[in-house]
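K.L.:
Turn this into a model:
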Amino acid sequence: MAEAMRGMTTILGRAGWRTGFACVALLLAAGASQAQELLTGTLAKARASGAITIGYRESSVPFSFLNTRKEPVGYSIELCRELVTAIGNAVDRTLAIQWEPVTSDSRFDAVASGKVDLECGSTTSNLERQKRVSFSPTIFVSGTKVLVKKGTPIASFRDLAGRKVAVTAGTANEKRLRDLSEKFKLGIQLQVARDHAESFGLVKSGQADAFATDDVLLYGLIAQENAKADYRVVGDFLSYDPYGIMYRKGDPQLAKVINDSFQVLAEDGEIERQYKRWFLRKLPTGASLDLPMSAQLETIIKTMSVKAE
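P.N.:
Below is the predicted model of the structure:
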């Protein structure tokens, strides 16, 4: 660049300022082009296409679900919108969002194959899954419990012996219930559904005695249906499930943008604001989960807000 500027001085002397400014513009454009060539992975794709594809869930209340206008909304969706803005800043381009529905079963293939760039739902980050995909810092902490109709004589997981229990395909809960049934010889009859709404529907229709999944999703479904008088969530926690935003493995530029963004979102209070909006205030249905932030998540966010040296 120094040699280029010395050459520019000669140009200015020979051809005047107008020609000089034209050459400066050319050099700056060349520099910008060279910088963009250094982008890799998702950032390079976003710069070229002008868009980021978000994988969303249709019934993971209040993380990712469809409102009455069939638009994706929720806690995870809003955090992902912040990430799209940050990615746009990183590639120096305003990015559009392309929406792609995913299910518990299809989400991992969608991310790994590049069909979606960010999966914004209620996905547990665990060691097995981290072998295939990457996750953002933790955005929520949950655990497996059971939803039943009020009056049903089920109060613990042992009470599920011989009963029909709905689980959602592709979730960690499906495996946990199979393992639980085998370990304690409970003879649980698993009813595997496509998504959480369908699993809940099996209990509503009487085709299943219970629905086992993350407790917050159960409370979300009850709130969405305005059905607190009809259902209850029971049992001790079977697991510790930290949720994260999922993205492709082996994409260091995207990983840095996501990690840096979450540090800023934690530091300026945006994560806490979005939590209050989706867990403590009324949902589009008019109901509220009334679920205060756990001490675990408070600690995680506080730690997240500390900028790495």
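K.L.:
mind listing the helices in the stretch 1-150 of the chain by residue range?
P.N.:
2-37, 41-49, 75-91, 107-113, 127-130 (DSSP state H, counting those that start in this stretch).
K.L.:
rank these by pLDDT, which is bottom?
P.N.:
Ranked by mean pLDDT, those bottom out at helix 2-37, which scores a mean of 43.
K.L.:
and this protein, what are its domains?
P.N.:
The chain resolves into domains spanning 41-141+241-304, 144-234 when parsed by automatic domain parsing.
K.L.:
Next, format those as JSON lines and append mean neighbour count.
P.N.:
Using the backbone N, CA and C atoms, a C-beta is placed for each residue, glycine as well. What follows is these, written out as JSON lines (neighbours: other C-beta atoms under 10 Å):
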{"stretch": "domain 41-141+241-304", "mean neighbour count": "19"}
{"stretch": "domain 144-234", "mean neighbour count": "19"}
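K.L.:
what about the nearest residue to Pro137 once chain neighbours are set aside, which helix or strand?
P.N.:
Leaving out its chain neighbours, the residue that sits closest to Pro137 by C-beta to C-beta, 6 or more residues apart in numbering is Phe262, at 4.6 Å. For Phe262, the host element (DSSP states H and E) is helix 252-267.
K.L.:
how much space between the most centrally placed residue in the chain and Ile222?
P.N.:
Residue closest to the average C-alpha location in the chain (C-alpha atoms, centre = their mean): Cys120, at 2.8 Å. Using C-beta to C-beta, to the nearest Å, we find Cys120 at a distance of 22 Å from Ile222.
K.L.:
The residue nearest to the centre of the chain and Leu79 touch, don't they?
P.N.:
Yes. Cys120 is within contact range of Leu79, at 7.2 Å (criterion: C-beta atoms under 8 Å).
K.L.:
Name the residues contacting each of the two.
P.N.:
Common neighbours of Cys120 and Leu79, using C-beta atoms under 8 Å, 6 or more residues apart in numbering, are Ile245.
K.L.:
Can you pull the phi/psi pair for the residue nearest to Ser136 when sequence neighbours are not counted?
P.N.:
For Ser136, ignoring the flanking residues on the chain, the nearest one in space by C-beta to C-beta, 6+ apart is Ile245 at 3.9 Å. As for Ile245, its main-chain torsions (degrees, to the nearest 10) stand at phi -80, psi 130.
K.L.:
residue contacts, Leu83?
P.N.:
Neighbour list for Leu83: 118, 136, 245, 257-258, 261 [criterion: C-beta under 8 Å, 6+ apart].
K.L.:
Same list, those residues, but as JSON lines with distance to Ala51 and pLDDT please.
P.N.:
Below are those laid out as JSON lines (distance: C-beta to C-beta, whole Å; pLDDT from 0 to 100):
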{"residue": "Leu118", "distance to Ala51": "12", "pLDDT": "98"}
{"residue": "Ser136", "distance to Ala51": "20", "pLDDT": "98"}
{"residue": "Ile245", "distance to Ala51": "17", "pLDDT": "98"}
{"residue": "Val257", "distance to Ala51": "16", "pLDDT": "98"}
{"residue": "Ile258", "distance to Ala51": "17", "pLDDT": "98"}
{"residue": "Ser261", "distance to Ala51": "18", "pLDDT": "98"}
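K.L.:
any chance of the residues you listed in CSV, plus distance to Ala212?
P.N.:
Shown next, in CSV, are the contacts of Leu83 (distance: C-beta to C-beta, whole Å):
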residue, distance to Ala212
Leu118, 27
Ser136, 26
Ile245, 24
Val257, 36
Ile258, 31
Ser261, 33
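K.L.:
Distance from whatever helix or strand comes next after the helix holding Phe262 to the middle of the chain?
P.N.:
As assigned by DSSP H and E, the chain's next helix or strand after helix 252-267 is helix 270-275. Mean C-alpha position of helix 270-275 versus that of the full chain (C-alpha atoms, centre = their mean, to the nearest Å) differs by 14 Å.
K.L.:
packing partners for the helix or strand following helix 270-275?
P.N.:
Helices and strands here follow DSSP H and E; after helix 270-275, the next one along the chain is helix 295-304. Applying 3 or more C-beta pairs under 8 Å, 6 or more residues apart in numbering; DSSP states H and E, one finds that helix 295-304 makes contact with strand 140-142, helix 252-267, helix 270-275.
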